[in-house]
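Enquirer: prediction below, plus the sequence it came from.
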Amino acid sequence: MSSLGYIWAWQQLNIPDVCAGLRYFAQPPWWDGQGMPTSVEDRYPLAACDVIACSISYELDLPPLVRMLQSAGLAALAAERSPEDPFVIIGGPLTRANQRVLLPFADVVVAGDGEPGMRRLRELLSSGVVGRCSLTEGMTGTMGVSVSGTPAALCACSPASDLPIVSPVIAPASTLGDLCLVELARGCPNQCAFCLGHRGNGPVRFASTQTVMSSIPDYAPAIGLTGAAISYHPGLVEILHWAASTGRRAGLSSLRADHASKPLVEALARVGTNTLTVACDGPSQRIRDDIRKGITTDHILACAELAREARIHAMKLYVMIGFPGESLEDLREFVALTNELARRVSLSVSISPLVPKRSTGLEAAPFAGLTELKHRLQFLKSSLDSGIRISQVSARESWQQYVLTRCDESDAGRVVALSEAPEDFAVWRTLFPDFL
Ligand code: SF4
């Protein structure tokens, strides 16, 4: 319930007098005593649905989806399901990187922006079309929709008028608490080599400032503003002041360091931001330049200064390691930067090994290797000042993402085998020795 895309799809599939959208989660607490996935709403069995719509955020969402289909009594592979089985449609951020790994499991994959595919599905359902074959046929030819295992071009055509997307629900028990999520922008004007944010994502599009302010429900106590290019939104400061004037808290997913200005950071402080979140991504200036990050050490230091002046006392810094050509010197430069920052703010650092994803500028880059990454993570953890809080994505988890980002249709059998014990690393090693 912390994914705006998931919540949006659920909302779209609640069509009065036509279709009830039910929520299913991949974790057994939501399943029945026999290990069958059932709906949160009324314990309706998954296999009895007419349509199963799945949002896949990243590679490691795939094995749980496969296990969920099998636990529901359905074949994981679309080719092995019968015409009477539910119609399975898959979308989500992973489709920008690698829709081919998803194709064997779906009747259709919605690649990129989901709006045209979802509009077409709603039209079909509203006009009484049901059944796997009829829905598959009806979706054929829709922009961004891959049918029968043939990848479609990414859809990046949703206009600015589709924005903002505003979460129709607030789920206080979810990770994001009482935030009402609002997507302000889509696409990104930058070209960072490791990132999918700009990939097939058209020109950057912004929600109109007035529409954002009129779309946020009165009952939302706090808003979470999202979008890859959110720092570039021309009305961002105005929206934050409007939120403060209506008694709401607000926050950004992250701020581009070269777009941090005094008015913006002061507005963030006014809406209750107590941690400024910034991504430096490359550990050194040399690597940030190599990956076209477009921000400098000075930008990052200036952010900390602005935060301190605005009485935002904490900063969270995202960094990745394991870039091609990266050396200990690059990591030492990062340590020096964090020491400088920690003199100004209370600092936390989130470290992730680079996963060279398909469809990015680093697609051809090698994975740095499990042993090497463990050494580099250990080096950073032992070198960073003891007052700096550290969180990290493990080398193992990054390697698992790397494996699945490289897989395609031909690996479907291995993905199915993996889904029997995706938490067992020995199974990964046995199934994917060619990636070690
Ligand atoms: S890392 Fe951020 S700024 Fe760079 S391309 Fe991706 S979304 Fe844009």
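Expert: Thanks, I have it.
Enquirer: these two touch, right, Val355 and Phe367?
Expert: Yes. Proximity of Val355 to Phe367 meets the contact threshold set by CB atoms under 8 Å, at 7.4 Å. C-beta: built from backbone N, CA, C; applies to glycine.
Enquirer: and for these two, which residues touch both?
Expert: 398, 402 (CB atoms under 8 Å, 6 or more residues apart in numbering).
Enquirer: so which of those two has more stuff around it?
Expert: Neighbours of Val355 and Phe367, each counted by other CB atoms under 10 Å, are more numerous for Val355; the result is 27 against 22.
Enquirer: separation between the residue of the stretch 251-400 of the chain found nearest the ligand and Leu240?
Expert: Closest contact between the stretch 251-400 of the chain and the ligand, by CB to the nearest ligand atom, is at Arg256 (6.0 Å). Remark: distance between Arg256 and Leu240 (CB to CB, to the nearest Å) = 16 Å.
Enquirer: near the ligand, which residues of the protein are found?
Expert: Residues of the chain lying near the ligand by CB under 6 Å from any ligand atom: 188, 190, 192, 195, 197-198, 228, 256.
Enquirer: does the residue in the stretch 1-150 of the chain that the ligand sits nearest to sit in a helix or strand, and which one?
Expert: Residue nearest to the ligand within the stretch 1-150 of the chain: Arg96 (11.2 Å; CB to the nearest ligand atom). With elements taken from DSSP states H and E, the one containing Arg96 is helix 94-97.
Enquirer: three-state assignment of the residue of the chain positioned farthest from its centre?
Expert: Distance from the C-alpha centroid of the chain peaks at Gly128, with 33.0 Å (CA atoms, centre = their mean). At Gly128 the chain is in coil, as set by DSSP: H, G, I helix; E, B strand; the rest coil.
Enquirer: for the residue in the stretch 201-350 of the chain that the ligand sits nearest to, what are its contacts?
Expert: The nearest approach of the stretch 201-350 of the chain to the ligand comes at Ala228, 3.6 Å away (CB to the nearest ligand atom). Ala228 is in contact with 185-188, 197-198, 201, counting by CB under 8 Å, 6+ apart.
Enquirer: TSV for these, including neighbour count, secondary structure and pLDDT?
Expert: Below are these laid out as TSV (neighbours: other CB atoms under 10 Å; DSSP: H, G, I helix; E, B strand; the rest coil; pLDDT from 0 to 100):
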residue	neighbour count	secondary structure	pLDDT
Ala185	22	strand	94
Arg186	26	strand	92
Gly187	22	coil	90
Cys188	22	coil	91
Gly197	20	coil	79
His198	21	coil	75
Asn201	21	coil	76
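Enquirer: which two of the residues you listed have the greatest separation?
Expert: Spatial extent of the contacts of Ala228 (CB to CB) is set by the pair Ala185 and His198 at 12.1 Å.
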